[in-house]
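# Could you work out the structure for the sequence below:
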Amino acid sequence: MKAIVYATYGGPEVLQYKDVPEPQIGPYEVLVRVRACALNHLDLWLRMGLPNLSVPLPHIPGSDIAGEVARVGDKVTNVTVGERVLLQPGISCGQCPSCLRGQDSMCPAYTLFGQGVDGGCAEFVKSPAVNCVPIPEKLSFEEAAAFPLVSLTAWHMLIGRARLQPAETVLVLGAGSGVGSAAIQIAKAAGARVIATAGSDAKLEKARELGADAVINHSTQKIADEVKRLTNRRGVEVVFEHVGQATWDSSIHSLAVGGRLVTCGATTGFDGAINIAYLFTRHLTILGSFMGSKAELFSALELLRRGLLKPVIDLVLPLEKCAEGHKRMQNRELFGKIVLKVG
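Numbering: from 1, shown residues only. I've put the predicted structure just below:
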């Protein structure tokens, strides 16, 4: 089969489009004929081989996968050959206390397609049968691939961790990213007021189209100052943070008394400082969040079926143009998701 493979760490130039062996499945696994695979910022970190994010080489990337079931293992009963499926991006053991509590992403063995195992930037991928989710009827393969990881991440952050309430105000950093565009929609569906940031007026206009009530251009405006102006000096109840070092101080100082900051990433760097007295005297809460559970993905899919969420696609490229997609993401030239079309 054809696949995108890298055998060394480095820039987009290490991505090769080449022939590799087709995966062999076990009794509880399925072989999926990949039709679309969306890119995530995680793909960039893994390709560069950053500390604590190394993967076994050679490696096939891609965590967001949609396609058709091509083959099923002898013990598989939940899906059939020919069924259109998207894959829950996270893989867990299904047996530990965390898994049995429904907290998949806290499983000690937790990994993602395209991280601990080969991913979906290929014509075929093998998957645990339990990770297969039927694609809603009206969704294309490209839309289905653009939905799972960012929607699950944003849902777990806002609903599972920050416990966002109706009528609260949430600051969404990086509205042009896949997870940012998903967060705007989820927060609006939850009844919140949304303030969104981006680095260009064009991206801010798209954020408004998704439902943002107010916007901040972080290239020309100071985030915390604008938040205070937009909230009558009060601040926001929730900050949706995934940018990291570049926005950390602004995010902390955008919080109202008793506010919650929830973070899932640090695309601009991992170092963030906080005045401890400021933290405890203002009753602030800082929450870490990583992925989410299968149940939360089904909740997000239900809102998609009701028309309250939609996948946001920036660009569709053929699989062999994967490196071009990595460059576009690295240069922050996107709004939403870049999707690779396979076959």
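# Go through stretch 241-261 and flag the buried ones.
Neighbour counts over stretch 241-261 (16 or more other C-beta atoms under 10 Å) mark 241-244, 246-248, 250-256, 259-261 as buried. Heads up, the C-betas are built off the backbone N, CA and C, glycines and all.
# Restricted to helices, list these.
If you go by DSSP state H, the buried residues of stretch 241-261 have 248, 250, 251, 252 in helices.
# list the contacts for the residue nearest the centre of the chain?
Nearest residue to the geometric centre of the chain (C-alpha atoms, centre = their mean): residue 150, 2.6 Å. Shown in contact with residue 150 (C-beta atoms under 8 Å, 6 or more residues apart in numbering): 40, 177, 178, 179, 181, 182, 337.
# coming back round to it: just the ones in helices among the buried residues of stretch 241-261 now: which is nearest residue 154?
Closest approach between these and residue 154, by C-beta to C-beta: residue 251, at 16.0 Å.
# now the closest one: how far from residue 313?
Here the criterion is C-beta to C-beta, to the nearest Å. By it, residue 251 lies 27 Å from residue 313.
# how about the helices in this protein?
For the chain, the helices defined by DSSP H occupy 41-48, 97-100, 141-146, 148-155, 178-189, 201-210, 223-230, 248-252, 276-281, 294-305, 322-330.
# mind checking how far the fourth one is from the chain centre?
From the chain centre to the centre of helix 148-155 is a distance of 5 Å (C-alpha atoms, centre = their mean, to the nearest Å).
# Same check on stretch 44-58?
Using C-alpha atoms, centre = their mean, the offset of stretch 44-58 from its chain centre is 18 Å.
# ok, and for it, which residues are buried?
So, applying 16+ other C-beta under 10 Å, buried residues of stretch 44-58: 44, 45, 46, 47, 49, 55.
# Of the residues you listed, which pair is most distant in space?
44 and 55 (12.6 Å).
# Format the ones in helices among the buried residues of stretch 241-261 as a markdown table; extra columns: pLDDT and distance to residue 100.
Written out in a markdown table, the entries for these read as follows (pLDDT from 0 to 100; distance: C-beta to C-beta, whole Å):
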| residue | pLDDT | distance to residue 100 |
| --- | --- | --- |
| 248 | 95 | 35 |
| 250 | 96 | 40 |
| 251 | 97 | 34 |
| 252 | 97 | 36 |
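# quick check, nearest of these to residue 158?
residue 251 (14.8 Å).
# doesn't residue 241 make contact with the closest one?
Yes - if you go by C-beta atoms under 8 Å, residue 251 and residue 241 touch, sitting 4.9 Å apart.
# and the nearest residue in space to residue 298 that is not next to it in sequence, what are its bridge partners?
The shortest distance from residue 298 to any non-neighbouring residue, by C-beta to C-beta, 6 or more residues apart in numbering, is to residue 133 (7.5 Å). Beta-bridge pairing of residue 133, defined through DSSP bridges, involves residue 86.
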